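Predicted model follows, preceded by the sequence.
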Amino acid sequence: MALRLVVVFLVIALWHGAGWNFVALGDVQALGVVATHYYTVGLKELLGREGFRAYNSNRWIHGMAMILTFCYVAASLLFLAHPFSEI
């Protein structure tokens, strides 16, 4: 599962551009998706069906997840703003 996601994000990154900054962007975003997937799987095992449903319906958790996702994606876009040749 994780390897497939990394390959897909790498192909998408290379499709957008052939620089190392695009590869790094794809890797960082793939890492975020893979981490989120395994975090969800772990929560489902730990909390069970009803506990996971209650966790997902919590407004504070939903809000924090949105804020963290925004921050992670915004930080990953710094790879596009500053190519490795300029660092």
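Noted; the coordinates are in hand.

buried residues in the one helix or strand residue 5 maps to?
Secondary-structure assignment from DSSP states H and E places residue 5 in helix 2-16. By 16 or more other C-beta atoms under 10 Å, the buried positions in helix 2-16 come out as 6, 9, 13. Every C-beta, even on glycine, is put in place using the N, C-alpha and C of the backbone.

In the protein, which residue is most central in space?
residue 32 (2.2 Å; C-alpha atoms, centre = their mean).

quick one: it and residue 76 touch, right?
Yes. Taking contact to mean C-beta atoms under 8 Å, the distance of 7.2 Å between residue 32 and residue 76 places them in contact.

For this structure, give me the ranges with low pLDDT.
Low-confidence segments of the chain (pLDDT under 70): 83-87.

quick one, longest helix in the chain?
If you go by DSSP state H, the chain has its longest helix at helix 20-57.

Check the offset of it from the chain's centre.
Distance, stretch centre to chain centre, for helix 20-57: 8 Å (C-alpha atoms, centre = their mean, to the nearest Å).

what packs against it?
Contacts of helix 20-57 with other secondary structure elements, assessed using 3 or more C-beta pairs under 8 Å, 6 or more residues apart in numbering; DSSP states H and E, are made with helix 2-16, helix 59-76, helix 78-81.

check contacts around residue 76.
When contacts are counted by C-beta atoms under 8 Å, 6 or more residues apart in numbering, residue 76 is found next to 25, 28-29, 32.

If anything else comes up later, I'll come back, but that's it for now.
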